[in-house]
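Visitor: Predicted model, plus sequence, below.
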2 protein chains.
Amino acid sequence: MPGAQRETKHHDGEGGGENPPDQRALLPGTRPDKVNRHASLGDAGDRKRRQVADPMHETFTHWLHFIEDRFTASGAGHYNEKMSLVVVGSVAYDGVETPHGRVDRMLGGAATYISLAASYFTQTRIVAVVGDDFAAEDEELLASHGVDLEGLERVPGKCFFWAGKYTPDMNDRETLTTELNVFANFEPKLPESYRAARYLLLGNIQPSLQRDVRAQMTHLRLAGGDTMNYWIHDHREELLKTIRDWDFLLINDHEARMLSGEINLRRAANKILDMGPHTLVIKRGEFGAMLFRKDSYFIVPGYLLEDVFDPTGAGDCFAGGFLGYLAEHGFSLEGDHISRGMLSRAVIYGSVMGSFCCERFGVERFRTLTRAEIDARFEEFRKFTSF
Amino acid sequence: MPGAQRETKHHDGEGGGENPPDQRALLPGTRPDKVNRHASLGDAGDRKRRQVADPMHETFTHWLHFIEDRFTASGAGHYNEKMSLVVVGSVAYDGVETPHGRVDRMLGGAATYISLAASYFTQTRIVAVVGDDFAAEDEELLASHGVDLEGLERVPGKCFFWAGKYTPDMNDRETLTTELNVFANFEPKLPESYRAARYLLLGNIQPSLQRDVRAQMTHLRLAGGDTMNYWIHDHREELLKTIRDWDFLLINDHEARMLSGEINLRRAANKILDMGPHTLVIKRGEFGAMLFRKDSYFIVPGYLLEDVFDPTGAGDCFAGGFLGYLAEHGFSLEGDHISRGMLSRAVIYGSVMGSFCCERFGVERFRTLTRAEIDARFEEFRKFTSF
């Protein structure tokens, strides 16, 4: 099972991406690691209590959403093991240059960004591979966010390394270096303890590997993931076979156009929704995001930051916030009671996490970010989009 | 007073625009013409009555907006002469080629699109010039929408003609022909009957001409307009002197960046709001629009059409819908009681009118469009953006 991997897109879903070299990615083992209790649970509980305690300060709309959340989510409010989220993807080091400065080596990788973002909402379990140069302080950052590291394999060799330079408007970037290293043979296998998790987010790796991971999960409630131009163009049949079983596909606008063969995004979405996923999320970088289902769609503009320090990882943080929020609420597909409102709010939380990611280089923002800040920005989105 | 004019942007605020040749534009006379009573008044009235008669079918939010509209607008609900809107700009013929087809000659021009769009909301009075080739049926289209044509001067010569071809994704276009003709010496003067109008929308002409028009208005409640890269780059001081007195500036994202010297739109907006206008609207084409004020901002994504036939005029229709809605409600700046909600809804109505414009070539859509369709699309915006 040859495993090509993403060259540039592993750390950000927003760029167009280049064709990666067709190389194998590694085989994971298992390693024990501490599993912290979800750090933000207290905050989430506080938020709910605030809504109950002071309903007069909430608008009628907020109140409706609160009621909807309570009654449409199966098991809503019960944070437990079964709602944990498994994340598969890269853990890497990046070198990044933007108009705001340069960092030669910093923690990166899709699985890193997704896990950190999702950790504010739910228990996150990572499946990835690192080399023996993976720093203790980086492991500690993930652990401090309660990320389960049992599925993080350490093998001899070096971590995936990528370096790139952004254009002045930061809408494009040039890849300067790609060293696959231990990622070249990534072939994820799940620790036994991960298999009953209800949520699965498949980062952008070879479609057949994504399919294998999904097949190992025994109690999935919601599964889906990301892909990129290389798989769409060069491994189309394998990709189509893989996403046929997904609940959601989360890609950017270029990829949606390439996958569907349609320039118009509404037409593109209709075609993709016939390929399997009942939910399609299209990320548009600074222009926001869209969620499509057969019978409805939702669009949100991007958050306007005064300073975008580094867009690396923003797309992955979007994915982490999106699925993290759904997992937090125990969102279910059983009984066909999908809440459009909850999906829309998941898109907002995705956008919120993507916006925070851009405020500092790499994962820096996640060292200080709190759930209270996240919820405050969610409310900011409501304020600048409602009419 | 030399009057350069817009080469391509006269008929669409969305494109980047090219530098127009520096030529003079014409001097208007006055001509009597029939003034039909506003065609859509009945529809607007119906809409209000529906909101009163059947409040249980409206959401709480709608009801709040209705109440807000009633109490924040000075004279709200009273459609009268004083709330009419004066529109200054080009009336032209266009030749357009898009992936959906080609039309060699059709009615166009900024003032045409603005007036048609605004006519669904309020009495619109046009100030423009046409040649003796201006067709009776085109005059009839404007008249049938209740547009006051007293300020439409007919002079010997030919109408402004522009032809262009759009790229496959319709985000860009190439100018094939520009014939200024009678527009070369456009120097607008207002009919006496226009001077007491409360609303003024200055299409993109030489800033000093815009200033002259504004100076002739005696009872302005809200005034502002559009400009383009040529004025920003080559006539900056004149432009800055002109917009200093405007309430609002309505430009696209490229122009906002050029005017402010900032790539980041939030920073750009802050700088522009220091130049005079208290309200800045930035159009982003397919990505929607943003409204900035010193203390708040509002962003809406673009409407997703399945078929964009022809984007020509969409930016001008946005302007017409935006200011038309404000004029319809008698929105006032007196007493400093500006309603953020009303401004946001004006942006939505602008977006609605821009989206309809793209559904057919040129002004074709306005031959059949009804106020009921407009209000239905407004509700559609609410549906796909609320969470």
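Guide: Arrived safely.

Visitor: Pull the number of nearby residues for the closest residue to A:Arg221 other than its chain neighbours.
Guide: Sequence neighbours aside, A:Arg198 is the residue nearest to A:Arg221 in space, at 3.8 Å (criterion: Cβ to Cβ, 6 or more residues apart in numbering or on different chains). For the C-beta atoms, the positions are set from N, CA and C on the backbone; glycine is no exception. Summarising burial for A:Arg198: neighbours were counted as other Cβ atoms under 10 Å in any protein chain shown, giving 24.

Visitor: Would you mind listing what in chain A touches chain B?
Guide: For chain A, the contact set with chain B under Cβ under 8 Å from any Cβ of the partner chain comprises A:59-61, A:65, A:168-169, A:263-267, A:284, A:287-288, A:290, A:296-301, A:304-308, A:341, A:344-345, A:347-348, A:382-387.

Visitor: Just the pLDDT at A:Asp169, thanks.
Guide: Here the pLDDT value assigned to A:Asp169 is 83.

Visitor: Helix, strand or coil: sort out the residue lying closest to it once chain neighbours are set aside for me.
Guide: Take A:Asp169 and drop its neighbours on the chain: the residue closest to it by Cβ to Cβ, 6+ apart is B:Ile263, 5.4 Å away. At B:Ile263, secondary structure determined by DSSP: H, G, I helix; E, B strand; the rest coil is coil.

Visitor: Tell me which stretches of chain A form helices.
Guide: Counting by DSSP state H, chain A forms helices over residues A:41-53, A:60-72, A:110-118, A:136-144, A:207-216, A:229-234, A:236-243, A:253-260, A:265-273, A:314-328, A:340-357, A:371-385, given from the N-terminal end onward.

Visitor: looking at those, which is buried most?
Guide: Each of those was given a mean neighbour count from mean count of other Cβ atoms under 10 Å in any protein chain shown, and the largest, a mean of 33, is that of helix A:110-118.

Visitor: Which residue lies nearest the spatial centre of chain A?
Guide: For chain A, the residue nearest the mean C-alpha position is A:Ala319 (2.5 Å; Cα atoms, centre = their mean).

Visitor: What is the neighbour count of A:Gly302?
Guide: The number of residues near A:Gly302, taken as other Cβ under 10 Å, comes to 20.

Visitor: go on, the one 3 residues further on?
Guide: The number of residues packed around A:Leu305, counting by other Cβ under 10 Å, is 17.

Visitor: Please state the backbone phi and psi of it?
Guide: The phi and psi values for A:Leu305, taken as degrees, to the nearest 10, are phi -80, psi 140.

Visitor: how much space is there between it and A:Leu200?
Guide: Computed as Cβ to Cβ, to the nearest Å, the A:Leu305 to A:Leu200 distance reads 30 Å.

Visitor: now do A:Cys358
Guide: As defined by Cβ to Cβ, A:Cys358 lies at a distance of 26 Å from A:Leu200.

Visitor: Compare those two (neighbour count), which wins?
Guide: Comparing A:Cys358 with A:Leu200 by other Cβ under 10 Å, the one with more neighbours is A:Leu200, at 28 against 24.

Visitor: Quick check, pLDDT for that one.
Guide: pLDDT recorded at A:Leu200 is 97.

Visitor: A:Gln216 is in contact with that one, correct?
Guide: No - using Cβ atoms under 8 Å, A:Leu200 makes no contact with A:Gln216, being 9.7 Å away.

Visitor: A:Ser193: neighbour count?
Guide: 15.

Visitor: what's near enough to touch it?
Guide: Under the criterion of Cβ atoms under 8 Å, 6 or more residues apart in numbering or on different chains, the contact partners of A:Ser193 comprise A:Arg125, A:Asp148, A:Glu150.

Visitor: The first one and A:Ala196 touch, don't they?
Guide: No - applying Cβ under 8 Å as the test, A:Arg125 and A:Ala196 come out as separate, 10.7 Å apart.

Visitor: Who has more neighbours out of the two?
Guide: More crowded of A:Arg125 and A:Ala196, by other Cβ under 10 Å: A:Arg125, with 26 against 14.

Visitor: now that one: how far from chain B?
Guide: Here the criterion is Cβ to the nearest Cβ, to the nearest Å. By it, A:Arg125 lies 28 Å from chain B.

Visitor: Give me the pLDDT for that residue.
Guide: Reading off the model, A:Arg125 has pLDDT 98.

Visitor: what do you get for A:Asp295?
Guide: Looking at A:Asp295, its pLDDT stands at 89.

Visitor: Just give the number of residues close to it.
Guide: Look at A:Asp295: counted by other Cβ under 10 Å, it has 6 neighbours.

Visitor: And for A:Glu97?
Guide: By other Cβ under 10 Å, 17 other residues sit near A:Glu97.

Visitor: swap in the one 3 residues further on?
Guide: The local packing count at A:His100 equals 14, with neighbours defined by other Cβ under 10 Å.

Visitor: Verify the stated contact: the residue nearest to A:Asp169 with A:Asn171.
Guide: No - counting by Cβ under 8 Å, B:Ile263 stays clear of A:Asn171, with 9.8 Å between them.

Visitor: Go through the contacts of A:Ser193 and flag which are in strands.
Guide: In strands, judged by DSSP state E, the following of these are found: A:Arg125, A:Asp148, A:Glu150.
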